[in-house]
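Undergrad: dropping a prediction and its sequence here:
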Amino acid sequence: MRRVVSQTAVVLLSTATGTAAVAGLGALHAAAPARSAAHEATTLILGAPHGTPRAAPRGALASAKPRSVTYRGVRVPVPAGWTVVRLDEHPSACVRYDRHAVYLGRPGPQPDCPARVVGRTEAVHVQPLRGVAASRTVVHADKLGSLTVEPSIGHETSLALPEAGIGITGVYGTDPSALQHVLRGTRVKVRRHAHGRPPAGHAATPPDPGGRRDARTSPPDRLGYASGKGFDTCTAPSLATMRAWRSSYKVTNIYIGGAARGCAQPNLTASWVKKVHEMGYRILPTYVGLQPPCGTRPQKFSARNAAAQGKKTATDAAAKAKALGIPADKPIYLDLEAYNSRNATCKAAVLRFVNAWVKQVKKKHYKPCLYGSASSGVHDVGAAKGIAKPVGIWFANWNGKARVYGDKYLRDSWWPPHRRIKQYRGAHKERHGGVTLNIDTSLADGRAY
């Protein structure tokens, strides 16, 4: 893995003063203990994971002042402890939503992302409007200071700043107030253009015509299920990578939305979905929404609101699938991460959530499916009585056995035939066609687009 240039700055938090300091990555690298190459590269770009000590000269920390960064006329405050990632300098950096960071610029065509990131905290991504989603809320410079970030099902807001031709995506963990504080402190330092139009060269891209495609123009799905090897990774790879990997894999996953979706999706558009489908891939559209109350992720539904949130999640998932040009009657997988199924109250909440999800996805004319741990979510739903069941399952049991039946947690009589996919190997790197990705591996005999 390529090392990152040592001059790039990261923000460090002084435990003594509570202020931010800037230190070269070279200093961080020299002070850090030995790590694996993958861990080291992630740390250099995005800062150490929570709880990891960070070394810097005491004098630098003591004299540090709060800082901000400027990108194309937009000045963004950087809270203490947040990392700044300049994507124009480091195009392979992964835009992750599970770490406090300000990302500046467009991601490269192939970000070096983990196989899976689930969960969010506060993060901000600033980039030119050209080439990003047109469905953004327009906010003029003089209104930023009073901006209100309303809670949303996706824990995300997308803004267009027409005076600068800049788009801002902001995400939050559980409470939007910290994100709102950063966005209210953002300032546009360029003159207003006539009629509020973006400067030349930074106009917003019109909506992708692929979003209006008719299902009749899609390659015909001869079968409602897919068979063969599949891979999933945190962010949709570039089209070039998908072509390079096509001879090795037939099935791929995409994360279409959700409050706990951990990575940005700079490549994922209706056009991307159409072209990847035309390559011959079968696609598993996956929505990473709120997680079980006894799980480890901060974005959670509760025992009290499980049914209501399941319904809202399904409605949003169907809208996201439609926006990506995925036709009706195709599957959408709910990503339900592992939880403590011995907790009876929690398990009951999960079943109410899934029951509501299944019913609402069907009302939206898609096929409700479920991704989860073989030992918790998929097992509990399979064993449950009196709830609506998913049409298909994608279960995780990283025992290295590439087979969809004979799993010790699941009865073979559950979801046969052609309605099972098994994720049998967790995060690892593979190289095909000269391109390396960090992936999970699955064997499919189940529902796919």
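TA: Looks like it came in fine.
Undergrad: use CA for all of it now, contacts and neighbours both
TA: OK.
Undergrad: got any ranges where the stretch 101-250 of the chain has weak pLDDT?
TA: Low-confidence segments of the stretch 101-250 of the chain (pLDDT under 70): 131-134, 190-223.
Undergrad: and the helices in it?
TA: Listed in chain order, the helices of the stretch 101-250 of the chain (DSSP state H, counting those that start in this stretch) span residues 177-184, 239-245.
Undergrad: out of those helices, flag the one nearest residue 280.
TA: Ranking these by proximity to residue 280 (Cα to Cα) places helix 239-245 first, at 9.9 Å.
Undergrad: helices or strands up against that closest one?
TA: Secondary-structure packing of helix 239-245 (3 or more Cα pairs under 8 Å, 6 or more residues apart in numbering; DSSP states H and E): helix 270-278, strand 435-447.
Undergrad: what's next to whichever helix or strand comes after that helix, contact-wise?
TA: Downstream of helix 239-245, the next assigned helix or strand under DSSP states H and E is strand 251-257. Defining contact as Cα atoms under 8 Å, 6 or more residues apart in numbering, one finds that strand 251-257 is touched by 154, 226-236, 261, 281-289, 317, 320-321, 444.
Undergrad: that older thread, put together TSV for the helices and strands packed on helix 239-245, with distance to residue 404 and mean pLDDT on each row.
TA: Below are those laid out as TSV (distance: least, Cα to Cα, whole Å; pLDDT from 0 to 100):
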stretch	distance to residue 404	mean pLDDT
helix 270-278	24	97
strand 435-447	7	97
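Undergrad: which one of these lies closest to residue 138?
TA: helix 270-278 (22.5 Å).
Undergrad: buried stuff in the closest one?
TA: Residues 270, 271, 272, 273, 274, 275, 276, 277 are the ones in helix 270-278 that count as buried (16 or more other Cα atoms under 10 Å).
Undergrad: could you look up the next helix or strand downstream of it?
TA: Next in line after helix 270-278, if elements are assigned by DSSP H and E, sits strand 282-287.
Undergrad: so what strands line up beside that next one?
TA: Here strand 282-287 is paired, per DSSP bridges, with strand 251-257 (parallel), strand 331-336 (parallel).
Undergrad: which one of those strands is the most hemmed in?
TA: Per residue and on average, the most neighbours among those fall to strand 331-336, with a mean of 28 (mean count of other Cα atoms under 10 Å).
Undergrad: the inter-axis angle of that one versus strand 435-447?
TA: 110 degrees (axes from the mean of the first three to the mean of the last three Cα atoms, to 10 degrees).
Undergrad: mean confidence for strand 331-336?
TA: For strand 331-336, the mean per-residue pLDDT is 98.
Undergrad: quick one: distance of that strand to the chain centre.
TA: 14 Å (Cα atoms, centre = their mean, to the nearest Å).
Undergrad: among the contacts of strand 251-257, name the buried ones.
TA: 154, 226-227, 229-236, 261, 281-289, 317, 320-321, 444.
Undergrad: tabulate the helices and strands packed on helix 239-245 (CSV), appending distance to residue 429.
TA: Formatted as CSV, the helices and strands packed on helix 239-245 follow (distance: least, Cα to Cα, whole Å):
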stretch, distance to residue 429
helix 270-278, 21
strand 435-447, 4
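Undergrad: of all these, which one is nearest residue 118?
TA: Here strand 435-447 is closest among the helices and strands packed on helix 239-245 (Cα to Cα), at 13.8 Å.
Undergrad: any buried residues in that closest one, and which?
TA: Of all the residues in strand 435-447, those buried under the rule 16+ other Cα under 10 Å are 436, 437, 438, 439, 440, 441, 442, 443, 444, 445, 446, 447.
Undergrad: hey, where'd the strands end up in the stretch 101-250 of the chain?
TA: Assigned by DSSP state E, counting those that start in this stretch, the stretch 101-250 of the chain shows strands spanning 101-104, 123-128, 137-138, 156-161, 166-171, 187-188, 225-232.
Undergrad: I meant to write the stretch 301-449 of the chain there.
TA: 331-336, 367-373, 392-396, 420-432, 435-447.
Undergrad: from residue 422, how far out is residue 393?
TA: Going from residue 393 to residue 422 by Cα to Cα, to the nearest Å gives 8 Å.
Undergrad: count of residues packed around residue 290?
TA: Neighbours of residue 290 under the rule other Cα atoms under 10 Å: 29.
Undergrad: which one is it nearest to, not counting chain neighbours?
TA: Counting by Cα to Cα, 6 or more residues apart in numbering, residue 290 lies nearest to residue 300, which is 4.7 Å off, once chain neighbours are set aside.
Undergrad: number of nearby residues for that neighbour?
TA: Using other Cα under 10 Å, residue 300 has 20 other residues around it.
Undergrad: can you pull the contacts of it?
TA: By Cα under 8 Å, 6+ apart, the neighbours of residue 300 are 290, 291, 292, 293.
Undergrad: mind redoing it with 10 Å?
TA: 119, 174, 259, 260, 289, 290, 291, 292, 293, 294, 306, 309 (Cα atoms under 10 Å, 6 or more residues apart in numbering).
Undergrad: turn these into TSV, including distance to residue 383.
TA: Listed next are those as TSV, based on distance: Cα to Cα, whole Å:
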residue	distance to residue 383
119	27
174	31
259	27
260	26
289	23
290	22
291	20
292	18
293	20
294	19
306	19
309	22
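Undergrad: tell me which two of these sit farthest apart.
TA: The span of the contacts of residue 300, defined through Cα to Cα, is set by 119 and 306 at 18.0 Å.
Undergrad: does residue 259 touch residue 171 like I think?
TA: Yes: counting by Cα atoms under 10 Å, residue 259 touches residue 171, with 8.7 Å between them.
Undergrad: shared neighbours, the two?
TA: Contacts common to residue 259 and residue 171, judged by Cα under 10 Å, 6+ apart, are 120, 154, 155, 156.
Undergrad: closest one to residue 418 out of those residues, please.
TA: Out of the shared contacts of residue 259 and residue 171, the member with the shortest distance to residue 418 (by Cα to Cα) is residue 154, at 31.2 Å.
Undergrad: quick check: that closest one touching residue 258?
TA: Yes: with contact defined as Cα under 10 Å, residue 154 reaches residue 258; the gap is 4.9 Å.
Undergrad: spit out the residues that contact these two alike.
TA: Common neighbours of residue 154 and residue 258 (Cα under 10 Å, 6+ apart) are 288, 289, 290, 313, 316, 317.
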